[in-house]
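Student: next one to model:
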Amino acid sequence: MPVPPFDKSIALKYLQLPQDYEPSPETDPISFLTKHISQLPPHILLHYTNITTPKQRTVIAPIRNRRLLFANSNPPELQYDAARNTWPDLWRGRERQGVQQANEERSWVQSEFLHGNKQHVGKLAKLLADYEEEREGERVRSIRRTRAAVEDVFVPEEDSDSDIEDIPDSTPEQETERETQGSFERLIRENFIYGRLDNIDYDRVDWDESFDTDDDREAEERWFDEDGDED
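Tutor: Model (predicted):
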């Protein structure tokens with residue numbers, strides 16, 4: 001869905017607030033959303049995609065709650081296989097990158113290409129699978145090199161202690177494959193909730209009121225009741 005250009009007056013008119021209202025939706029959108037997100041419909045909230053980032057919006061409690069509920073629903077894009085391919089720089093498992101893609105390439109050649117004629121596709125299937133594994137491995141290495149270069153340029157002082165703590169012990173406990181996958185999925189969910197992931201549509205969660213809990217809806221009703229009492 002295309003994001004409409006930002007116009008502060010749309011939300012202010014909907015809430016029947018003056019144009020000079022503070023906090024301003026234009027100059028202080030996070031504070032404005034913190035106070036009014038529960039009273040605004042999705043088609044108006046979508047405007048704030050233009051002037052806020054997913055990471056900035058993390059401080060807004062209803063948005064964090066929506067992301068948490070979405071993540072706990074186990075959506076396909078946050079599951080192990082899809083997430084490992086989308087965010088390989090976060091994957092710290094020991095299995096070779098590209099193995100799954102190589103198997104898929106081999107299966108396609110054997111079942112589809114030349115109608116599965118074994119005389120023609122046997123060696124080709126292995127060759128394409130090797131190419132796919134090599135390409136994926138290079139893609140992962142490139143992403144990790146880029147990330148390492150960025151981290152070398154700027155390392156916040158407050159992270160210095162945590163960097164030391166992150167150095168793995170020389171004799172770490174061996175995780176099972178299931179434990180490794182579970183740890184990775186938890187890492188992905190955490191990064192999603194805190195707005196750190198790229199290549200994912202935050203708008204469909206952040207602005208979706210269907211993820212709100214009963215407590216959120218009760219707070220919204222109280223706000224409208226109080227507004228009516230003032231009139």
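
Student: where in the protein is the helix or strand with the lowest mean pLDDT?
Tutor: Lowest by mean pLDDT, DSSP states H and E among the helices and strands of the chain is helix 160-165, with a mean of 45.

Student: residues in contact with the nearest residue to Phe211 once chain neighbours are set aside?
Tutor: Spatial nearest neighbour of Phe211, chain neighbours left out: Arg66 (3.8 Å); criterion: CB to CB, 6 or more residues apart in numbering. For glycine as for every other residue, the C-beta is placed from the backbone atoms N, C-alpha and C. Neighbour list for Arg66: Val205, Asp206, Asp208, Phe211, Asp212 [criterion: CB atoms under 8 Å, 6 or more residues apart in numbering].

Student: got TSV for those, with pLDDT too?
Tutor: Listed next are these as TSV, based on pLDDT from 0 to 100:
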residue	pLDDT
Val205	96
Asp206	97
Asp208	94
Phe211	89
Asp212	86
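
Student: which among those end up buried?
Tutor: Those of the contacts of Arg66 that meet the buried threshold are Val205, Asp206, Phe211, Asp212, by 16 or more other CB atoms under 10 Å.

Student: from those residues, pick the one nearest Ser24.
Tutor: Checking the buried ones among the contacts of Arg66 against Ser24 by CB to CB gives Asp206 as the nearest, at 20.1 Å.

Student: quick check, the closest one in contact with Leu68.
Tutor: No. At 11.9 Å, Asp206 does not count as touching Leu68 under the criterion of CB atoms under 8 Å.

Student: before I go, just wanted to say thanks for your time.
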